[in-house]
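Novice: need a structure here:
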Amino acid sequence: MKISSGLFVFIEIRIILIFTYDLLDIMIAQSHFKRLTLCLTFTVFALQIYAQQKATYWIEFKDKANTQFSVSKPNEYLSLRAINRRKKNYIDITENDLPVSKVYVDSIQRTGARVLYTSKWFNAVTIEVNDETIISTIKNISFVTFLQKTKNASNVKSNRINTKNKTEFFEDSAEISPANYGQSLTQINQLNGLYLHNKGYKGSSVIIALIDAGYLNANKYKTLSRLFLENRILSSHDFVKTNNDIYKEHMHGAVVLSSIAANLEDTLIGTAPDASFILLRGEDSDSEFPVECDNWIAAAEYADSCGADIISSSLGYRTFDDSTMNFSYQNMNGKIIRSSIAAEIASSKGMIVVASAGNDGNKPWHYIGSPADAKEILSVGAINPYTNKTAFSSFGPSADGRIKPEVMALGESVIVEISPGEYSTINGTSLSCPIVAGLVACLVQAFPFASAIAIRQAVLESSSQYSVPDNLMGYGIPNFEKAYEILKDSSKLFSMNAYAFPNPFSENVTIVNTFIDEPEITIECYSIIGQKIFSLIRNGGYIHFSNEILSLEKGSYFFRCISKNKAFTIKAIKM
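Specialist: Predicted structure coming up:
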């Protein structure tokens, strides 16, 4: 049965609102899982081999005309938790939070195209077509501003070998000694994560959204039994196949989940065993096309609407089954590839985005992929048990010269549950990414009022080579005890009228001030000799500067915050 995309979005949002409200107040959710028989497994596999793969396209619209939604009523399309996350981070609700116009979506569907999903952030839709001749009709529609093919039609299954895996986790309320971690001790101890766990911070009440290839049998993993018993899988969605069971697809996401959520004493304990999760599938293991970048966008927007605190993505995109669609290294600047732009937008919505740097360090490509090239995220490379960079971990910088990856974690000989009751060590930045994401969740629990910017910065500042970063290991190996102390000290600054963070700064700086209720304040920047460099009008709260300070030379500067009734001056140093 065909369902209008606009109607689908509206219904989906209503479900999210109700679901997240329950999550906040009573932290319960219902999950029902069906057993897949061997016969059915083979039947589905055969259908995947021989079924016609339809072409997909990305279509952008000129505006959000005729929308029934308003920035003044965000509760109609965002969960309460998503709204509160924005408030905590002093982030405004903007037009790119509004759902796509239902009028436009319905018009696209009347051409015969099937709308798979919409994108609020890009004001776009992804469509699937049986007959590609209708594309010329869509191109001529007045409100269509951009159209791009993202997947070829084909009835041939890719020969790509999928090596991704799944896993589960348990919750432990008692203090955990190093002995209880079994073989997983190294992967958390390298980052000094035991410090947070022994203080009682294991990710409780924090929501991590995973974007992966599937979570095959994760609901049967021994290490994850408490996760499912306590109903901490809050929501799930498959953006590759409609109405699909994510527990019947690919093991990669399950293995990733085990590295964060596992909690089986003396065997495997993850980095955030008390966290809650949203499990999202964006990777199609049967083929490789740019539509998967758009699946990633849809998943990130879903995570945002649900109120996720963290997105952890062990996926990367650069080459495809159709080589004419490949990305180049010059594309890896955070401004060109949509999944990378979306990762930065997700960060701007108050989520902390953690992404795998990639496993191409010993291959001709050599560099990171998308979305690891995004700005304002944590891309994670891999080290071995001796804290040396692995040969396979991808290098930076981004194409525009930014330090990449940002941080490192264990990615060689990582202990995981690879199938129910079976354990093994595996390699890849697919594991170093969630290891970091889990400990970031522990920091979010420890400092629930800290901004996403502050937490990311604390992780960077805690890292082993923060003062001398490079493009092999970025800022180095995080020390989460040190990150905790940084946040503990910086929390005292919230009692001040205004301050700069980080200070000293290099590529970006945030001015935090108490003019939260002021619709407009003036920010003036002066050199040490009193020369005005720039003056901007912004809303009060958190004011983030990036491009404005790139041309500043190293030295001391004064930022003056001025409202109608008061003014404060902050001194900050550019390194």
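Novice: is the closest residue to A572 other than its chain neighbours bridged to anything, and to what?
Specialist: Closest residue to A572 apart from its sequence neighbours, by C-beta to C-beta, 6 or more residues apart in numbering: A500 at 3.9 Å. Placement of C-beta: from N, CA and C, glycine included. With DSSP bridges as the criterion, A500 is bridged to I511.
Novice: the nearest residue to Q330 once chain neighbours are set aside: neighbour count?
Specialist: Distances taken as C-beta to C-beta, 6+ apart place A399 nearest to Q330, at 5.2 Å, with adjacent residues excluded. By other C-beta atoms under 10 Å, 19 other residues sit near A399.
Novice: A399 reaches M332, doesn't it?
Specialist: Yes - with contact defined as C-beta atoms under 8 Å, A399 reaches M332; the gap is 4.5 Å.
Novice: and for these two, which residues touch both?
Specialist: Shared contacts of A399 and M332, defined by C-beta atoms under 8 Å, 6 or more residues apart in numbering, comprise D373.
Novice: show me what contacts T126?
Specialist: Each residue near T126 by C-beta under 8 Å, 6+ apart is listed here: 56-59, 115-119, 150, 291, 294-295, 298.
Novice: may I have the phi/psi pair for it?
Specialist: phi -110, psi 130 (degrees, to the nearest 10).
Novice: so it bridges to which residues?
Specialist: W58, Y117.
Novice: check T569 too.
Specialist: Beta-bridge partners for T569, by DSSP bridges, are R560.
Novice: what's the distance between it and I368?
Specialist: Relative to I368, T569 is positioned 39 Å away (C-beta to C-beta, to the nearest Å).
Novice: OK, contacts around the closest residue to G438 other than its chain neighbours?
Specialist: Excluding the flanking residues, the one nearest G438 by C-beta to C-beta, 6+ apart is T271, at 2.8 Å. Counting by C-beta under 8 Å, 6+ apart, T271 touches 187-188, 191, 193, 203, 259-260, 434-439, 441-442.
Novice: which of the contacts of T126 sits closest to E249?
Specialist: Closest approach to E249 among the contacts of T126 (C-beta to C-beta): N295, at 12.9 Å.
Novice: comparing T569 and I368, which shows the higher neighbour count?
Specialist: Remark: of T569 and I368, I368 carries more neighbours, 33 against 13, as counted by other C-beta under 10 Å.
Novice: that one reaches V380, doesn't it?
Specialist: No - the pair I368 / V380 is not scored as a contact, 10.4 Å apart, by C-beta under 8 Å.
Novice: mutual contacts of those two, please.
Specialist: Counting by C-beta under 8 Å, 6+ apart, the shared contacts of I368 and V380 are 357, 405.
Novice: mind showing which ranges of this protein have poor pLDDT?
Specialist: 1-52, 155-179, 490-497, 513-519 (pLDDT under 70).
Novice: E76: how many residues sit nearby?
Specialist: 15.
Novice: go on, T111?
Specialist: 14.
Novice: got a list of what it touches?
Specialist: Contacts of T111 (C-beta under 8 Å, 6+ apart): 134, 137-138.
Novice: all strands of the stretch 151-300 of the chain, in order?
Specialist: In the stretch 151-300 of the chain, the strands defined using DSSP state E, counting those that start in this stretch lie at 207-212, 233-238, 263-264, 268-269, 276-281.
Novice: same deal with the stretch 301-450 of the chain?
Specialist: Taking DSSP E, counting those that start in this stretch as the criterion, the stretch 301-450 of the chain contains strands spanning 310-313, 352-356, 378-383, 407-410, 414-419, 422-426.
Novice: want to throw the ones you listed into JSON lines with distance to T324?
Specialist: JSON lines is the format used below for the strands of the stretch 301-450 of the chain (distance: least, C-beta to C-beta, whole Å):
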{"stretch": "strand 310-313", "distance to T324": "25"}
{"stretch": "strand 352-356", "distance to T324": "25"}
{"stretch": "strand 378-383", "distance to T324": "27"}
{"stretch": "strand 407-410", "distance to T324": "34"}
{"stretch": "strand 414-419", "distance to T324": "36"}
{"stretch": "strand 422-426", "distance to T324": "33"}
